[in-house]
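Engineer: Give me a model of this one.
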Amino acid sequence: LQLINSRESLEIAVDHLKGLIQSTGARIKDHHLPIVSGNSLLLSQVFQNLLSNAIKFRSPKTAVEVTISATQMEGYWRFLVED
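Structural biologist: Numbers count the residues shown, from 1 in each chain. Alright, predicted model coming up:
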C-alpha cells in the first residue's frame, strides 16, 4: 500500500470511460476526494466499475449525473458514489 490521490484514480477511470461518457452525455462530479493509503490501480478499477454501471443501467430517458465524495470516519475514509 502507498499514499495515493483518490481524485487521480477517479480521473484515470473517467479517461478509460471517455467514449461512454461522451456518447451518453453523462456528467461526473467529485467533491474533495482525499489522499488515502491503498493501491491506485485497484481504486481506479473500482471507480471505473461503479461509473460504468451507473451509466449503463439507467433509464434511457434520464440524464446521468454521478457524484463521488468521501467522508473521514474513525480510522478510514468512506466513499459515496451517487447517481
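Engineer: Tell me the strands beside whichever strand in the chain runs longest, with direction?
Structural biologist: As assigned by DSSP state E, the longest strand anywhere in the chain is strand 65-72. Sheet pairing of strand 65-72 (DSSP bridges) gives strand 27-31 (parallel), strand 77-82 (antiparallel).
Engineer: Once you drop chain neighbours, what's closest to I68?
Structural biologist: Excluding its sequence neighbours, the residue lying closest to I68 (Cβ to Cβ, 6 or more residues apart in numbering) is D30, at 4.7 Å. Every C-beta, even on glycine, is put in place using the N, C-alpha and C of the backbone.
Engineer: before we move on, what about R7?
Structural biologist: Closest to R7 by Cβ to Cβ, 6+ apart is L33, at 4.1 Å.
Engineer: any idea which element the spatially most central residue of the chain lies in?
Structural biologist: The centre of the chain sits closest to F47, judged by Cα atoms, centre = their mean, with a distance of 3.9 Å. For F47, the host element (DSSP states H and E) is helix 40-56.
Engineer: Quickly note the distance from T71 to A63.
Structural biologist: 26 Å (Cβ to Cβ, to the nearest Å).
Engineer: quick one on the thing from earlier: could you pull up the residues touching the residue nearest to the centre of the chain?
Structural biologist: S9, L10, I12, A13, V14, I68, V81 (Cβ atoms under 8 Å, 6 or more residues apart in numbering).
Engineer: In a markdown table, list the residues you listed along with distance to I21.
Structural biologist: Converted to a markdown table, these look like this (distance: Cβ to Cβ, whole Å):
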| residue | distance to I21 |
| --- | --- |
| S9 | 16 |
| L10 | 12 |
| I12 | 13 |
| A13 | 10 |
| V14 | 7 |
| I68 | 14 |
| V81 | 15 |
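Engineer: Which ones among these lie within strands?
Structural biologist: I68, V81.
Engineer: was I right about G25 contacting P60?
Structural biologist: No. Taking contacts as Cβ atoms under 8 Å, G25 lies outside contact range of P60: 11.6 Å.
Engineer: Alright, I will stop here.
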